[in-house]
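1. Predicted model and sequence below, questions to follow.
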Amino acid sequence: MITFNDLKKIADVLKKAGKINEFNQILGLQEQLLNMQDQMAKLKQEKEETQRKNKKLEEKLNLKDDLEPRNNAYWRKSNGDGPFCTKCFDENAKTIRIPAEKKGYSVCPKCKNNFNLTGGEVVSEYVDEEVKPLYPEIGL
Ligand SMILES: [Zn+2]
């Protein structure tokens with residue numbers, strides 16, 4: 001492959017020999033070569049960007065195949081990891097981990113959806129049991 005320096009050497013020889021037309025042709029080739037190098041750099045950048053996006057999409061597809069619904073949440077088939085919010089994944093393809101349950105009910109930190117991870121019916125709001133006073137006679 002001809003390099004920019006090769007063209008410069010040829011241009012110098014032509015200039016010394018007084019071949020002005022040929023010298024100008026070489027200058028034109030140098031410009032074309034620079035433009036092509038610019039285009040190649042842009043294409044390389046686009047290719048890398050496309051590969052990154054492709055990898056992300058592939059990971060999402062693999063993740064979708066790897067998730068199974070169980071007990072009102074998603075769990076990974078491959079390693080049992082979970083639970084993940086079904087609403088967040090179905091709507092935004094995000095795996096949001098549902099924190100440890102509180103008496104069978106957990107809340108997604110992102111969408112605030114309530115879950116019954118024991119597999120029971122999903123309730124819209126968790127209500128804590130009423131706290132009974134230890135000493136009702138004196139109001140404590
Ligand atoms: Zn969520």
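-> Structure's in. What do you need?

2. so what secondary structure elements neighbour the strand or helix carrying K9?
-> K9 belongs to helix 4-16 when assigned by DSSP states H and E. If contacts are counted by 3 or more Cβ pairs under 8 Å, 6 or more residues apart in numbering; DSSP states H and E, helix 4-16 sits against helix 20-66. (Each C-beta comes from the backbone N, C-alpha and C, glycine too.)

3. average pLDDT for the helix it packs on?
-> Helix 20-66 shows an average pLDDT of 94 in the prediction.

4. swap in stretch 106-120?
-> Model confidence over stretch 106-120 averages 85 on the pLDDT scale.

5. Centre of the chain to it, how far?
-> Centroid separation between stretch 106-120 and its chain, computed with Cα atoms, centre = their mean, to the nearest Å, is 25 Å.

6. Stretch 18-29 now?
-> Computed by Cα atoms, centre = their mean, the chain-centroid distance of stretch 18-29 equals 50 Å.

7. got the CA positions of that stretch in PDB?
-> The C-alpha trace of stretch 18-29 is given here as PDB (Å, rounded to 0.1, in the frame of the first residue of the first chain):
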ATOM      1  CA  GLY A  18      10.300  20.300 -13.300                       C
ATOM      2  CA  LYS A  19       7.300  18.000 -14.000                       C
ATOM      3  CA  ILE A  20       4.700  20.500 -12.600                       C
ATOM      4  CA  ASN A  21       1.600  18.700 -14.000                       C
ATOM      5  CA  GLU A  22       2.700  15.300 -12.600                       C
ATOM      6  CA  PHE A  23       3.700  17.000  -9.300                       C
ATOM      7  CA  ASN A  24       0.200  18.500  -9.000                       C
ATOM      8  CA  GLN A  25      -1.400  15.100  -9.700                       C
ATOM      9  CA  ILE A  26       0.600  13.700  -6.800                       C
ATOM     10  CA  LEU A  27      -0.500  16.500  -4.600                       C
ATOM     11  CA  GLY A  28      -4.100  15.600  -5.600                       C
ATOM     12  CA  LEU A  29      -3.400  11.900  -4.700                       C
END
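
8. Noted, bye for now.
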